[in-house]
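Undergrad: Have a look; sequence and predicted model below, questions after that.
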Amino acid sequence: MPRIVNMRPVLLSAPYAHADSLEVRKFLKAGHRTCGLIEITLEDGTTGLGEGYVATFAPRVFVEIVKLVDPYLVNKEAFDIGARYRDACSVVEYWSLQGAARHVVGAFEIALVDAKAKMLGVPAYSLLGGKRAETLALYGGGGDSLQPEAMQKEIAMLESMGIDLFKIRVLNRDVGKTLWALEHAASAGIRVGVDMSQNLATPAQTVNDVVRYVETVHAKTSHRIEFLEEALGPADIESYPLLRSKLNVKICGGEIVTTAQELCQRVAAKLYDFVQPDATVIGGMGDLMEVISACRRHGSRAVVHCWGGAVCMMANYHAALAGGEQLAEWPMPSFPLREAMMVEPLRIQNGQMQAPSTADLGVKLAPEIEKEYAFREDAVYACIGTSEEVPPDSVWEMEAYETL
């Protein structure tokens, strides 16, 4: 069995989204975003790529944790992925059982899966028990625009691809923006879900805040919000069942949970209608499969979160196909690094992504990619954000009511 002979952290930065994106204006002032990779090399020269989501927010932390773990994994046999995963966990669990180090453990595990699949000449989902689904329906994750024009372009893009579900980002005060999206998307045959972005908010909105927002929106239109994502804050997780009892809207969340154990417990407690795990956050593809199995046992489902780079997307999609899931996120903001690292473009027909046919994850890293998308120190996601002025909700309300 081949040994690991090298493990290299790689930081890459690329232009992201557009000037009208609130995410860019508040959190990515440089207009670039960073992606953190682990490239492992086996003794026969085979390489594998993994990604850790933490590098978007703390790139140097990602690099230093990789360097810390490296001596314990190099020269170990690569294809006993479970044993190597446990080795990586043992290095970090005492001081980071949850949190940033889990992203690095996940990146390493994904890289091992990629390398093994590449050497065997099979798609990565084959190592997870084979695919149980031939396609994945996608929903478009976007809706962060400050003005209607940019959002209209996103709706048109989804319509052209046959994708019929659109996720927007709003706060509970953004009734006009929500109405605008519901009405304009419906005219294109597209439903709308809402990301309320409360996963790290302290203090966060309350159950009553969420109910009031939904009831206000639904009183003004016949169209209904399809789902609410991350509607409550980290200090109020236990209130999700109460929220579900008060609304006839699907409730989801879980993208920042860093262990399969915790997310499986949330599934068993029926906190959500569906969960949103991410292999680059939760500790790798194996842990993601544990969550998918828990969903099957408890009558729920996993809809993978895919807000990272190409490795993040493909690791999550392969696991979702192996788990027989039917829906996954497709990130809409432009990020050319994703396309540059794809071995072949995603095959999306009538809103359905076809299962990849390439061996391994279907991603690549070449010297020219590293040169073109060299890391920028200013391409760090600033979670606190700036005091960017947000247009009044009347910008959206006036436009919406003109069309009714």
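TA: Done, it's in.
Undergrad: going forward, measure contacts and count neighbours with C-alpha atoms only.
TA: Fine.
Undergrad: got the end-to-end distance for stretch 182-195?
TA: This stretch, stretch 182-195, spans 14 Å end to end (Cα to Cα, to the nearest Å).
Undergrad: now do stretch 348-358
TA: End to end - Cα to Cα - stretch 348-358 spans 15 Å.
Undergrad: list the buried ones in that stretch?
TA: For stretch 348-358, burial by neighbour count (16 or more other Cα atoms under 10 Å) applies to I348, G351, Q352, M353, Q354, A355, P356, T358.
Undergrad: Could you verify my assumption that the first one touches P356?
TA: No - I348 is beyond contact range of P356, at 10.6 Å (criterion: Cα atoms under 8 Å).
Undergrad: hey, where'd the strands end up in the stretch 51-200 of the chain?
TA: Along the stretch 51-200 of the chain, the stretches classed as strands by DSSP state E, counting those that start in this stretch are 135-141, 165-169, 191-195.
Undergrad: can the ones you listed go into a markdown table with extra columns for distance to S21, mean pLDDT and mean neighbour count?
TA: Below are the strands of the stretch 51-200 of the chain laid out as a markdown table (distance: least, Cα to Cα, whole Å; pLDDT from 0 to 100; neighbours: other Cα atoms under 10 Å):
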| stretch | distance to S21 | mean pLDDT | mean neighbour count |
| --- | --- | --- | --- |
| strand 135-141 | 13 | 98 | 23 |
| strand 165-169 | 11 | 98 | 24 |
| strand 191-195 | 15 | 98 | 24 |
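Undergrad: Quick one: closest of those to Q98.
TA: Comparison of those against Q98 by Cα to Cα identifies strand 191-195 as nearest, at 23.7 Å.
Undergrad: what pairs with the closest one, and is each one parallel or antiparallel?
TA: strand 165-169 (parallel), strand 225-229 (parallel) (DSSP bridges).
Undergrad: Mind putting those into TSV with distance to I155?
TA: Putting these into TSV (distance: least, Cα to Cα, whole Å) gives the following:
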stretch	distance to I155
strand 165-169	8
strand 225-229	16
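Undergrad: follow-up on the earlier one: for A279, which of the strands of the stretch 51-200 of the chain is the nearest?
TA: Nearest to A279 among the strands of the stretch 51-200 of the chain is strand 135-141; the distance by Cα to Cα comes to 16.7 Å.
Undergrad: Tell me what angle the closest one forms with strand 165-169.
TA: 30 degrees (axes from the mean of the first three to the mean of the last three Cα atoms, to 10 degrees).
Undergrad: Helices of the stretch 151-300 of the chain, residue ranges please.
TA: In order along the chain, the stretch 151-300 of the chain carries the following helices (DSSP state H, counting those that start in this stretch): 175-186, 207-220, 240-246, 260-268, 279-282, 285-297.
Undergrad: and among those helices, the most buried is which?
TA: Highest mean neighbour count of the helices of the stretch 151-300 of the chain: helix 279-282, a mean of 34 (counted as mean count of other Cα atoms under 10 Å).
Undergrad: Only C-alpha atoms, please: export stretch 367-374 in PDB.
TA: Included here for stretch 367-374 are C-alpha records, laid out as PDB according to Å, rounded to 0.1, in the frame of the first residue of the first chain:
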ATOM      1  CA  PRO A 367       1.300  25.400 -11.500                       C
ATOM      2  CA  GLU A 368      -0.400  27.800 -13.800                       C
ATOM      3  CA  ILE A 369      -3.500  27.800 -11.500                       C
ATOM      4  CA  GLU A 370      -1.300  28.500  -8.500                       C
ATOM      5  CA  LYS A 371       0.300  31.400 -10.300                       C
ATOM      6  CA  GLU A 372      -2.800  33.000 -11.700                       C
ATOM      7  CA  TYR A 373      -4.700  32.700  -8.400                       C
ATOM      8  CA  ALA A 374      -1.800  33.400  -6.000                       C
END
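Undergrad: so how far is that stretch off the chain centroid?
TA: Distance, stretch centre to chain centre, for stretch 367-374: 24 Å (Cα atoms, centre = their mean, to the nearest Å).
Undergrad: got the contact list for it?
TA: Residues outside stretch 367-374 that contact it (Cα atoms under 8 Å, 6 or more residues apart in numbering): L11, L12, S13, A14, L337, A340, M341.
Undergrad: Make CSV from these and add pLDDT, secondary structure and distance to G254 to it.
TA: Listed next are those as CSV, based on pLDDT from 0 to 100; DSSP: H, G, I helix; E, B strand; the rest coil; distance: Cα to Cα, whole Å:
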residue, pLDDT, secondary structure, distance to G254
L11, 98, strand, 26
L12, 98, strand, 26
S13, 98, strand, 26
A14, 98, strand, 27
L337, 98, helix, 26
A340, 98, helix, 29
M341, 98, helix, 27
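Undergrad: can you give me the strands for the stretch 301-404 of the chain?
TA: 327-331, 348-349, 352-354.
Undergrad: In terms of secondary structure, what does the second one contact?
TA: Right, the one you point to is strand 348-349. Counting contacts by 3 or more Cα pairs under 8 Å, 6 or more residues apart in numbering; DSSP states H and E, strand 348-349 is packed against no other helix or strand.
Undergrad: what pairs with it, and is each one parallel or antiparallel?
TA: Sheet pairing for strand 348-349, assigned by DSSP bridges, gives strand 352-354 (antiparallel).
Undergrad: how far is the partner strand from where the chain is centred?
TA: Taking Cα atoms, centre = their mean, one finds the center of strand 352-354 at 17 Å from the center of the full chain.
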